[in-house]
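>>> A structural model of the following input is requested.
(2 chains)
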Amino acid sequence: MISKPLFKAAIKQNYVVFLIILSVLMVYLPIIITMYDPSTQESLNEILEVMPQALIAAMGFREIGGSLIDFIGSYFYGFLILLLPMIYTIIVCNRSIASHVDKGSMAYLLSTPNTRGKIAGTQALFIIVSTTIMIGIVTLVGLVLSNTAFPGKLDVKAFLLINLGSLLLYYAVTGIGFFASCLFNDTKYSLMVGAGLPVAFLVIQMISDVGEKTRFLKNFTLFTLFDPDKIIAGEDFILQFLALTFISIVMYGLGFYTFNKRNLPI
Amino acid sequence: MSIIEIIGLTKDYGDHKGIFDLTFTVEEGEVFGYLGPNGAGKTTTIRHLMGFLNPDKGSSKILGLDCRSERAEIMKHLGYLPGEIAFFDGMSGMEFLNFMAEMRGLTDVSLRDKLVDLFELDTKGKIRKMSKGMKQKLGIVCAFMHDPRVLILDEPTSGLDPLMQKTFANLILEEKSKGKTILMSSHSFEEVERTCDRVGIIRQGELVAIEDMHDLKQKRRRIYLLDFDNPDSAAKFADSSGFDIIEVNENTVKLSILGNVTELIKALHEFTVLDLNTETSSLEDIFMHYYGDDSQSITN
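Predicted coordinates:
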């Protein structure tokens, strides 16, 4: 149920954005990992205390424990992993269906003997596979770097779980983006929902971290379902992971259903 | 055998826009011209045939298969030229043709290369930088390259220069001789008269007539412009003849004639005519002459 030429075309269309985002991730990840130094951890905390607390909290740098996984979990998985790959997924989701409908090139895709399901399935597979590869590379590089710089210091199980969590979060985020892409004729509206919603989630997440007064906002963002601190602490995360999986399946399912049923003004 | 079958097809966009209770068929080996002014519903009809839209009522079939639910199967035998040209970002012409061939599972590229030569298409350049005519030619090659049994072409000659229009007309005639079934939309009568066997005329979403091309030419009113050697003979001709004179301006007489021009040639026998021109009649004129200038004005 996959069109190989379309998959190839999707790779060709998106690999530049993929590489750009990946290289930015690959700049930050080593910097953050090598910045870790158990002895300077204390002085770093002192610096953070001098800075406005609200700002630091909003960036996700909070309650920094002493271990390497706490450090990476806070500095990389608190904010950067939420922002950078999201830029990629927003672009790719919008390009998958909505931009073809908006430009009219969907007319060519659908003038070939491929069902709508096959077209949408190929595009969805590309989103899922490429996002998985991106997070997969981050995981691998993270593991290798940590073990090179600080052999045996990394809590590997927690690190893998954090990455699994962020991957599931991205399945849900791309699910929303894909559904929006299938639903609208106009990239304008597809982006409004497919980009607007995840960005709003991120902003709400940041505000909710600022203090007790805004804490209640946590209930309004999808990103609450991915909490690196809790995963590291070994608190319950299974339910959250299941919820993310469920949202992903529903969103992608809705995308397929909508695209199959709808009128296409192309 | 009917290759294309449209039965009671209705899509109401409100405000009298859309198509309403369309019924017609296109037979095997026939070239069918689908005529109407802009916004009449030609493209909406074609989008139904391509399975892009869900009809409110009625149905359309190609090769006996439902256009909406069995679209993918139909597309194995169909070539399509969209009315609006939109390709893929950053592909060159040849990359696009290769991509479309792969999407179709097409391996034999001999016909494609023949068509590229025929239309003098430069396939190396990026599509984004191509002229409108070049893009149109690319679309035409894409529609014909897999040798489909059925062709649906939305305003195929728009953007083509007269020479290429002729090349295109020859291609249509050649395909017709191979027994292909073709439906092509147009807003100009001249575009379809060379190639089409039958013409369907759509106005404000309703099919107002289906005519044989031969009958249509018989009934067609043409405007002629005659240049005489001096104003006197122009006036004399205008007074004496029984033709439908539209206007006399110095040496020039403008008149309209229904059907053949034998009588006009006979009447001109005793005059010196410096020049004789036909004014191409717009589709609007044809509507007015065939169906009367009723209260429903044909705008656009």
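>>> just the element for the residue nearest to A:Ala57 when sequence neighbours are not counted, please.
Among residues not flanking A:Ala57 along the chain, A:Asp209 sits closest, at 4.7 Å (Cβ to Cβ, 6 or more residues apart in numbering or on different chains). Backbone N, C-alpha and C define where each C-beta goes, glycine included. A:Asp209 is part of helix A:196-210, with elements assigned from DSSP states H and E.
>>> helix or strand right after that helix?
helix A:228-233.
>>> contacts for that next one next, please.
A:62-63, A:65, A:69-70, A:73-74, A:77-78, A:155, A:158, A:161-162, A:165, A:236-237 (Cβ atoms under 8 Å, 6 or more residues apart in numbering or on different chains).
>>> mind giving me the packing neighbours of the helix holding A:Asp209?
Under the contact definition 3 or more Cβ pairs under 8 Å, 6 or more residues apart in numbering or on different chains; DSSP states H and E, helix A:196-210 sits against helix A:53-58, helix A:81-96, helix A:156-183.
>>> on that earlier part again, list only buried entries from the contacts of helix A:228-233.
For those, a burial check counting by 16 or more other Cβ atoms under 10 Å in any protein chain shown picks out A:Ile69, A:Asp70, A:Gly73, A:Ser74, A:Tyr77, A:Gly78, A:Asp155, A:Ala158, A:Leu161, A:Ile162, A:Gly165, A:Phe237.
>>> any low-confidence regions in chain A?
Applying pLDDT under 70 to chain A flags residues A:40-44, A:59-65.
>>> my bad, the stretch 151-300 of chain B
Counting by pLDDT under 70, the stretch 151-300 of chain B has low-confidence residues at B:280-300.
>>> in it, which residue sits closest to chain A?
Chain A sits closest to B:Ile152 of the stretch 151-300 of chain B, with a gap of 8.8 Å, by Cβ to the nearest Cβ.
>>> what's around that residue, how many residues?
B:Ile152: 27 surrounding residues under other Cβ atoms under 10 Å in any protein chain shown.
>>> then A:Ala243?
Count around A:Ala243 with other Cβ under 10 Å applied: 15.
>>> any idea which helix is longest in chain A?
The single longest helix within chain A, with elements called by DSSP state H, is helix A:116-149.
>>> report the contact partners of the residue of the stretch 151-300 of chain B closest to chain A.
By Cβ under 8 Å, 6+ apart, the residues touching B:Ile152 are B:Ile46, B:Leu49, B:Met50, B:Leu78, B:Gly79, B:Tyr80, B:Leu81, B:Ile182, B:Leu183, B:Met184.
>>> keep only the residues you listed that also lie close to chain A.
Among the contacts of B:Ile152, the ones lying near chain A by Cβ under 8 Å from any Cβ of the partner chain are B:Met50, B:Leu78, B:Gly79, B:Tyr80.
>>> just checking: what are the partner strands of whichever strand or helix holds the last one?
So that's B:Tyr80. Using DSSP H and E, B:Tyr80 sits in strand B:78-81. According to DSSP bridges, strand B:78-81 forms sheet pairs with strand B:150-154 (parallel).
>>> show me which residues of the partner strand are buried.
Buried-residue list, strand B:150-154, by 16+ other Cβ under 10 Å: B:Val150, B:Leu151, B:Ile152, B:Leu153, B:Asp154.
>>> helix/strand/coil for B:Asn54?
coil (DSSP: H, G, I helix; E, B strand; the rest coil).
>>> was I right to think it contacts A:Asn263?
Yes: B:Asn54 lies in contact with A:Asn263 (Cβ atoms under 8 Å); the separation is 5.6 Å.
>>> nearest the geometric middle of the chain, what residue?
Unless you meant another one, I'm taking chain A. For chain A, the residue nearest the mean C-alpha position is A:Tyr170 (3.7 Å; Cα atoms, centre = their mean).
>>> actually chain B
With distances taken as Cα atoms, centre = their mean, B:Ser186 lies nearest the centre of chain B, 3.1 Å away.
>>> excluding chain neighbours, what is closest to it?
B:Ser186 sits nearest to B:Val192 (Cβ to Cβ, 6+ apart), 5.1 Å away.
>>> next, count neighbours for the one you found.
Neighbourhood size, B:Val192 [other Cβ under 10 Å]: 26.
>>> in a helix, it, correct?
Yes: using three-state DSSP, the assignment for B:Val192 is a helix.
>>> quick one on the thing from earlier: quick check, nearest of the ones next to chain A among the contacts of B:Ile152 to chain A?
B:Tyr80 (4.0 Å).
>>> for the closest one, list the residues it contacts.
Contact analysis of B:Tyr80 by Cβ under 8 Å, 6+ apart lists A:Ala107, A:Ser111, B:Met50, B:Ala143, B:Leu151, B:Ile152, B:Leu153.
>>> ok, 6 Å please
Applying Cβ atoms under 6 Å, 6 or more residues apart in numbering or on different chains to B:Tyr80 gives the contacts A:Ser111, B:Ala143, B:Ile152.
>>> same check on B:Thr272?
Neighbour list for B:Thr272: B:Asp229 [criterion: Cβ under 6 Å, 6+ apart].
>>> measure it to B:Asp227 for me?
As for B:Thr272, its distance to B:Asp227 is 10 Å (criterion: Cβ to Cβ, to the nearest Å).
>>> kindly report the same for A:Ile133.
Counting by Cβ to Cβ - A:Ile133 and B:Asp227 are separated by 75 Å.
>>> higher neighbour count, those two?
Taking neighbours as other Cβ under 10 Å, A:Ile133 and B:Asp227 compare with B:Asp227 leading, 15 against 12.
>>> direction included, what does the helix or strand encompassing that one pair up with?
Using DSSP H and E, B:Asp227 maps to strand B:221-228. Note on strand B:221-228: by DSSP bridges, its sheet partners are strand B:252-258 (antiparallel), strand B:273-279 (antiparallel).
>>> next, format the ones you listed as TSV and append mean neighbour count.
Output for the strands paired with strand B:221-228, formatted as TSV (neighbours: other Cβ atoms under 10 Å in any protein chain shown):
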stretch	mean neighbour count
strand B:252-258	17
strand B:273-279	12
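>>> in a markdown table: those, plus distance to B:Gly18.
Formatted as a markdown table, these follow (distance: least, Cβ to Cβ, whole Å):
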| stretch | distance to B:Gly18 |
| --- | --- |
| strand B:252-258 | 34 |
| strand B:273-279 | 33 |
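>>> to A:Pro151, which of those lies closest?
Across the strands paired with strand B:221-228, A:Pro151 has its closest neighbour in strand B:273-279 (89.7 Å, Cβ to Cβ).
>>> got the CA positions of that closest one in PDB?
Once non-C-alpha atoms are left out, strand B:273-279 reads as follows in PDB (Å, rounded to 0.1, in the frame of the first residue of the first chain):
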ATOM      1  CA  VAL B 273     -13.500  43.800 -53.100                       C
ATOM      2  CA  LEU B 274     -10.100  44.800 -51.700                       C
ATOM      3  CA  ASP B 275     -10.200  42.600 -48.700                       C
ATOM      4  CA  LEU B 276     -12.500  40.000 -47.100                       C
ATOM      5  CA  ASN B 277     -12.100  39.000 -43.500                       C
ATOM      6  CA  THR B 278     -14.000  36.900 -41.000                       C
ATOM      7  CA  GLU B 279     -14.400  38.100 -37.500                       C
END
